[in-house]
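>>> The amino acid sequence is not available; the structure is as follows:
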């Protein structure tokens, strides 16, 4: 098939379903002369999940287009990223990744002999590579290194120096793997532009960068290896797949942040060119879609029921996962799995007679009582021109009184009847003589021209609905946050607005059952 493809057809196959390509003209020029050399890397950290089928399906496209594809198991990166993979488990996790990635590729009928598999430490510890790391570190600013890793490297209160090295190593990999292009998720964009800026400073060629969109997880945010409820593990039992899909966010007619629908678009259609919605005969029977846009349109118009979509995806998923499950039934691979990901010891139960939450000393966002509120009334504080006095419905018998310093930033007319996000378990405190019973959370930018925007719950939210961080849905909020323990202040240090204007804690999304908490425009802003 490859020999019959024109350069234009190869380009279309290589770029289909991608969110962005940096260096399109260079890509076209290469395809006129020879086959493209491209690599995809994965840090060997948490267990790969079904969202990994998204890059796998693109790798299948690359091979169909005649590309020379290298898969990098980035073991050293896994350690540098805040030690997500402990040093003593690094080799075992790399072995696990190699086995499971190969099993995934085999399940979608990708010929492994056409791929090259490389381990990072096979070349990243060489004299030449290490010298280039030092050369790069003498050129790169701390600001640029931190910015490049912001969407990928785990963000913590006291970041390690290793996290600043991560983007530079990923940039150098392009040169040492001798490729024309690097492929990854759009969350890698800052590292890609970092590589384009700094590789030429060492005399190396700027590469092409191709980016997949980020596929939403089952809760509507990013599918993450570290968040159990957001993802389906490749070795999950069929009953677990059913259970997780049943709980997945898939609102009727909602085609945004819909992980179930996105999986069909980015995995099933590229692999099979069609998708069958299975329905009972009394509801019209099965329907086959050969164009994803038709399925998306029918779902948006509520002609496809979420339950039917989930059942159909469940069947397709299990078909993809069955060969992987079967391969990992072997005693050798079971032993490898248990060794690479040893069971975590369970936290000790709270002492008898102590009714407090078992997580009471952990700094986890589930300790915050965050709710959707609706501003019932807003007026100037009688004793302070810079403060608003608001009555906000949070689903209780009476609205709460809230004092906020938004006069200089948000007109009263924009607050009236607006849906907002409130922190409801702070200790009430008097502000200019009036007790404030909650905090209205806003995005903000600092410095000259400071801007402030209230956080926005999803449309259709109701007062009192719980706001949570994905992966922390199950925790119970403290009855009241004790000021001396500074729980909110410590958690707030990791609050941030993403590049997509989504409110996050430690790069995990704030959500309600209807979707994401956002702001209007303050990308990269703080939250307070």
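Cool, the structure landed. Quantities reported herein were computed from a predicted structural model and do not represent experimental measurements. Numbers count the residues shown, from 1 in each chain.
>>> Low-confidence ranges, the stretch 101-250 of the chain, go.
Residues of the stretch 101-250 of the chain meeting the criterion pLDDT under 70: 154-159, 218-230.
>>> do that again at 80, thanks
150-160, 162-163, 215-231 (pLDDT under 80).
>>> Could you pull out the strands in it for me?
Along the stretch 101-250 of the chain, counting by DSSP state E, counting those that start in this stretch, strands occupy 115-119, 181-185, 208-212.
>>> Would you reformat the ones you listed as a markdown table and include mean neighbour count and distance to residue 338?
Every C-beta, even on glycine, is put in place using the N, C-alpha and C of the backbone. Listed next are those as a markdown table, based on neighbours: other C-beta atoms under 10 Å; distance: least, C-beta to C-beta, whole Å:
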| stretch | mean neighbour count | distance to residue 338 |
| --- | --- | --- |
| strand 115-119 | 16 | 22 |
| strand 181-185 | 23 | 29 |
| strand 208-212 | 22 | 31 |
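>>> now those in a markdown table, with distance to residue 465?
As requested, those are exported to a markdown table (distance: least, C-beta to C-beta, whole Å):
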| stretch | distance to residue 465 |
| --- | --- |
| strand 115-119 | 47 |
| strand 181-185 | 30 |
| strand 208-212 | 32 |
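>>> Which among these is found nearest to residue 12?
Minimum separation from residue 12 across the strands of the stretch 101-250 of the chain (C-beta to C-beta) falls at strand 208-212, 13.2 Å.
>>> what are the ranges of the helices in the stretch 251-400 of the chain?
With DSSP state H, counting those that start in this stretch as the criterion, the stretch 251-400 of the chain has helices at 259-263, 269-272, 292-300, 306-327, 331-340.
>>> so what's residue 36 up against?
By C-beta atoms under 8 Å, 6 or more residues apart in numbering, the contact set of residue 36 is 10, 14, 27, 30, 62, 65-68, 180-181.
>>> before we move on, what about residue 270?
Taking C-beta under 8 Å, 6+ apart, we find residue 270 in contact with 16-17, 57-58, 60-61.
>>> pLDDT wise, what is it at?
As predicted, residue 270 sits at a pLDDT of 84.
>>> any idea how far it lies from residue 320?
12 Å (C-beta to C-beta, to the nearest Å).
>>> now swap in residue 434 and tell me
Using C-beta to C-beta, residue 434 is found at 59 Å from residue 320.
>>> cool, and residue 377?
Distance from residue 377 to residue 320, by C-beta to C-beta: 54 Å.
>>> between these two, which one's more packed in?
residue 320 (18 against 13; other C-beta atoms under 10 Å).
>>> Let me have the contacts of residue 270 in CSV, extended by neighbour count and secondary structure.
Output for the contacts of residue 270, formatted as CSV (neighbours: other C-beta atoms under 10 Å; DSSP: H, G, I helix; E, B strand; the rest coil):
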residue, neighbour count, secondary structure
16, 12, coil
17, 16, coil
57, 21, helix
58, 25, helix
60, 20, helix
61, 19, helix
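>>> of the residues you listed, closest to residue 449?
Of the contacts of residue 270, the one sitting nearest to residue 449 (C-beta to C-beta) turns out to be residue 17, at 38.9 Å.
>>> Let me see the confidence value for the closest one.
If you check residue 17, the pLDDT there is 88.
>>> And residue 444, its phi and psi?
The phi and psi values for residue 444, taken as degrees, to the nearest 10, are phi -150, psi 160.
>>> For it, list each beta-bridge partner.
With DSSP bridges as the criterion, residue 444 is bridged to residue 452, residue 526.
>>> residues in contact with it?
Counting by C-beta under 8 Å, 6+ apart, residue 444 touches 450-453, 522, 525-528.
>>> Number of residues surrounding residue 335?
Number of residues near residue 335 (other C-beta under 10 Å) recorded here: 10.
>>> roughly how far apart are it and residue 420?
52 Å.
>>> Contacts only, for the nearest residue in space to residue 96 that is not next to it in sequence.
In space, and not counting its chain neighbours, residue 96 is closest to residue 340: 4.2 Å by C-beta to C-beta, 6 or more residues apart in numbering. Counting by C-beta under 8 Å, 6+ apart, residue 340 makes contact with 89, 92-93, 95-96.
>>> one more time with 6 Å
Residue 340 makes contacts with 92-93, 96, as judged by C-beta atoms under 6 Å, 6 or more residues apart in numbering.
>>> roughly how far apart are it and residue 47?
8 Å.
>>> Lowest-confidence member of the contacts of residue 444, which is it?
Confidence by pLDDT is poorest for residue 450 among the contacts of residue 444, given 82.
>>> Excluding sequence neighbours, find me the nearest residue to it.
Distances taken as C-beta to C-beta, 6+ apart place residue 444 nearest to residue 450, at 6.6 Å, with adjacent residues excluded.
>>> Counting neighbours, what do you get for residue 297?
14.
>>> Which pLDDT value belongs to it?
Predicted confidence (pLDDT) for residue 297: 94.
>>> How about the one 4 residues further on?
On the pLDDT scale, residue 301 is placed at 89.
>>> Got phi/psi on the closest residue to it other than its chain neighbours?
In this structure, residue 301 finds its nearest non-sequential neighbour in residue 253, 7.2 Å apart by C-beta to C-beta, 6+ apart. Main-chain torsions, residue 253, degrees, to the nearest 10: phi 80, psi -10.
>>> Residue 253 reaches residue 302, doesn't it?
Yes. If you go by C-beta atoms under 6 Å, residue 253 and residue 302 touch, sitting 4.8 Å apart.
>>> rank the helices of the stretch 251-400 of the chain by mean pLDDT and give me the bottom one.
Here the lowest mean pLDDT among those goes to helix 269-272, at a mean of 84.
>>> For whichever strand in the chain runs longest, buried residues please.
Counting residues, the longest strand found in the chain (DSSP state E) is strand 370-381. The neighbour-count check on strand 370-381 (16 or more other C-beta atoms under 10 Å) flags 370-375, 378, 381 as buried.
>>> Adding pLDDT and distance to residue 171, write the residues you listed out as TSV.
TSV is the format used below for the buried residues of strand 370-381 (pLDDT from 0 to 100; distance: C-beta to C-beta, whole Å):
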residue	pLDDT	distance to residue 171
370	93	38
371	93	43
372	94	42
373	93	45
374	94	48
375	93	47
378	94	50
381	90	52
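>>> ok, of these, which one's closest to residue 277?
Checking the buried residues of strand 370-381 against residue 277 by C-beta to C-beta gives residue 372 as the nearest, at 32.9 Å.
>>> which ones are touching the closest one?
Residues near residue 372 by C-beta under 6 Å, 6+ apart: 457, 461, 463, 465.
>>> gap between it and residue 479?
Using C-beta to C-beta, one obtains 20 Å as the distance from residue 372 to residue 479.
>>> what's the burial count for the closest residue to residue 150 other than its chain neighbours?
Spatially, and ignoring its direct neighbours in sequence, residue 150 is nearest to residue 190 (6.2 Å; C-beta to C-beta, 6+ apart). Using other C-beta under 10 Å, residue 190 has 18 other residues around it.
>>> Understood, closing this out.
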